[in-house]
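>>> Any chance you could fold what I've pasted below:
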Amino acid sequence: MKIKQGYLHIVIVLLIGLILPLLSGLLKLVIVPYLAYLLFKSRFEHFPALVILMGYGSILTIAGCLLIIPMVVQRLWSIENRFIRRFLKLLLFMLPVYVIITVIRIGSGTELVDALSMNDYYLAFWFLLYGVVIHQQFNHQNLGYLIIFGLLLFLILRIGLGGINPFGALLRQVNYFIMFSLLLVADHLLYLRTKHSWVFYLLFITSFFLFIPSVNFTFYFGLILALFALRNWQSRGNTFTTSGYFKEKIYPKLLQLFPVLFLVTTIWLTPFFASDFVEVNVENKNSTLLEKVLFKLFWDRGQIWSGALDGILSNTGLLPPIREWKLTYAALGNNGLENNYEVEFESHNLMLGLIRYNGYLFGGVLIYLFLKAMRQLYNAKAYLLGRQRALAIAVIGLGIAVFITGQYILQLNTSFLFMSVIGGLIACSDSLPTDKL
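Residues are numbered from 1 along each chain as shown. Presented below is the predicted three-dimensional model:
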């Protein structure tokens, strides 16, 4: 009966998605009562519909986050877990400043939705705490239903609805489900035997071959990191192990240091190597895989990151900015001359993005919270079972990869699923007194 209710809610939110483009601005808030019902009931059969509804972005997702905040504070204020308490208190400490700055933005002429949307990276962190509250939904059995839902969603979007606004934004979230599926298969074939139905394999194989043409550099990067974490979490055979000095002491620290070292090293080396790969074409079969990777790293990302860093040094203050500034960067062209570009897109690096949109003080705090959450999730490995393990590893791999080379995991229309899964899996650890939530 509960699963049938879940199907009903999925149909409802897909119909809402067809209607939303017809509603402008604040008119979308007519959906908020239904959104509040799904959020506050906190049932597993509601979660897939929530993923879709919160994935529509803009004012609807912001409203969902504002509804979540008082609920999270009420449920988690007295929790004993040190990490969650610190996480909650830091977000609450920043909240009044964001409110004041948002009011100033509106007063200076910025439209309401735009003024609120500039806080999207901060708002995304509240979804992690919501995941802690609903952690019981992320048990081993429920994740089986979740992965089936994710693969079906991908097939629906890929075949028929991917080009319709706002369904197109949901396609980016399919990365989570494809990565989750790949890690489940790897875990099953190489390590512990977790049973999967024929439905899973049918959907996975179909989805995988439809997904391959759209696979990008960041996904491959995340898959490599995830497979490495999977090897750290398991020993060959049917025995789960957490032993090993590297697994327990070194790797968790590397999770936090690696994004920093990667960014600093790339920006430092970009002026020396960018010109060497200016003529590399990623679509050309004559270019080697190494050339394509180095092109993507130094000519593409490295030059954008250098421009973002220059913009931060010139425009960013201690607190979140009142007005958004555009990113400009210099890049070498095929003629060997340097061209300047002013662009609308993001920094393609969350460390830079968090500072750019939240200032040095709050941006630094959010960077710390994100990387600390990745380490906390990694350290929960001894308490996660079956599909929980595979999902945690997928989230770690994509989390670190996108933190370095992208930003979508914290953007308004894709952050709900990613961050709530992190919070839910951390709370599933026996190290957290979940019985008191």
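
>>> Below-threshold pLDDT in the stretch 1-150 of the chain: ranges please.
Scanning the stretch 1-150 of the chain with the threshold set as pLDDT under 70 gives 1-3.

>>> one more time with 80
Applying pLDDT under 80 to the stretch 1-150 of the chain picks out residues 1-6, 21-28, 42, 57-58.

>>> what do you get for the stretch 151-300 of the chain?
Flagging of the stretch 151-300 of the chain using pLDDT under 80 yields the residue ranges 157-172, 187-201, 204, 208-216, 229-253, 255, 273-293, 300.

>>> Now do the helices in it.
For the stretch 151-300 of the chain, the helices identified by DSSP state H, counting those that start in this stretch occupy 168-190, 198-211, 217-233, 245, 251-273, 289-294, in order along the chain.

>>> Same question for the fifth one: list its buried residues.
In other words, helix 251-273. By 16 or more other C-beta atoms under 10 Å, the buried positions in helix 251-273 come out as 251, 252, 255, 256, 258, 259, 262, 263, 266, 267, 270. Placement of C-beta: from N, CA and C, glycine included.

>>> so what's the fifth one closest to, chain neighbours aside?
Taking C-beta to C-beta, 6 or more residues apart in numbering, and ignoring the residues beside it in sequence, residue 258 has residue 400 as its nearest neighbour in space, at 6.8 Å.

>>> residues in contact with that neighbour?
Applying C-beta atoms under 8 Å, 6 or more residues apart in numbering, we find residue 400 in contact with 222, 225, 255, 258, 259, 374.

>>> Next, format those as TSV and append distance to residue 148.
Formatted as TSV, the contacts of residue 400 follow (distance: C-beta to C-beta, whole Å):
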residue	distance to residue 148
222	22
225	25
255	30
258	33
259	32
374	27
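
>>> thinking again about what came up before, any idea how far the residue nearest to residue 258 lies from residue 159?
31 Å (C-beta to C-beta, to the nearest Å).

>>> Which of the helices of the stretch 151-300 of the chain sits closest to residue 350?
For the helices of the stretch 151-300 of the chain, the distance to residue 350 is smallest for helix 251-273, at 8.1 Å, taking C-beta to C-beta.

>>> could you check the angle helix 217-233 makes with the closest one?
Our comparison of helix 251-273 with helix 217-233, counting by axes from the mean of the first three to the mean of the last three C-alpha atoms, to 10 degrees, yields an angle of 150 degrees.

>>> Okay, residue 252 and residue 358: tell me how far apart.
According to C-beta to C-beta, residue 252 and residue 358 sit 25 Å apart.

>>> for residue 129, same thing?
With C-beta to C-beta as the criterion, residue 129 and residue 358 are 18 Å apart.

>>> Please apply the same query to residue 132.
The spacing between residue 132 and residue 358, counted by C-beta to C-beta, is 22 Å.

>>> With residue 368 instead?
12 Å.

>>> the more surrounded of those two?
Applying other C-beta atoms under 10 Å to residue 368 and residue 358 shows that residue 358 carries more neighbours, namely 25 against 14.

>>> just to revisit the earlier point, counting neighbours, show which residues of the host helix or strand of the residue nearest to residue 258 come out buried.
Secondary structure assignment for residue 400, by DSSP states H and E: helix 387-405. Neighbour counts using 16+ other C-beta under 10 Å place 387-405 of helix 387-405 among the buried residues.

>>> Run through the strands of this structure in chain order.
Assigned by DSSP state E, the chain shows strands spanning 327-332, 338-343.

>>> what about residue 205, neighbour count?
Burial of residue 205, expressed as a neighbour count using other C-beta under 10 Å, amounts to 13.

>>> now it: how far from residue 134?
31 Å.

>>> try residue 353
Plainly put, residue 353 is 27 Å away from residue 134 if you go by C-beta to C-beta.

>>> Just list the residues touching residue 323, thanks.
Contacts for residue 323 were tallied using C-beta under 8 Å, 6+ apart; they are 105, 108, 110.

>>> Got the phi and psi for it?
Note on residue 323: backbone dihedrals following degrees, to the nearest 10 are phi -120, psi 150.

>>> Going by mean pLDDT, which of the strands of the chain comes out lowest?
Per-stretch mean pLDDT for the strands of the chain is lowest at strand 338-343 (a mean of 69).

>>> Is it correct that residue 134 is in contact with residue 425?
No: in this structure, residue 134 is not within contact of residue 425 by C-beta atoms under 8 Å, at 11.5 Å.
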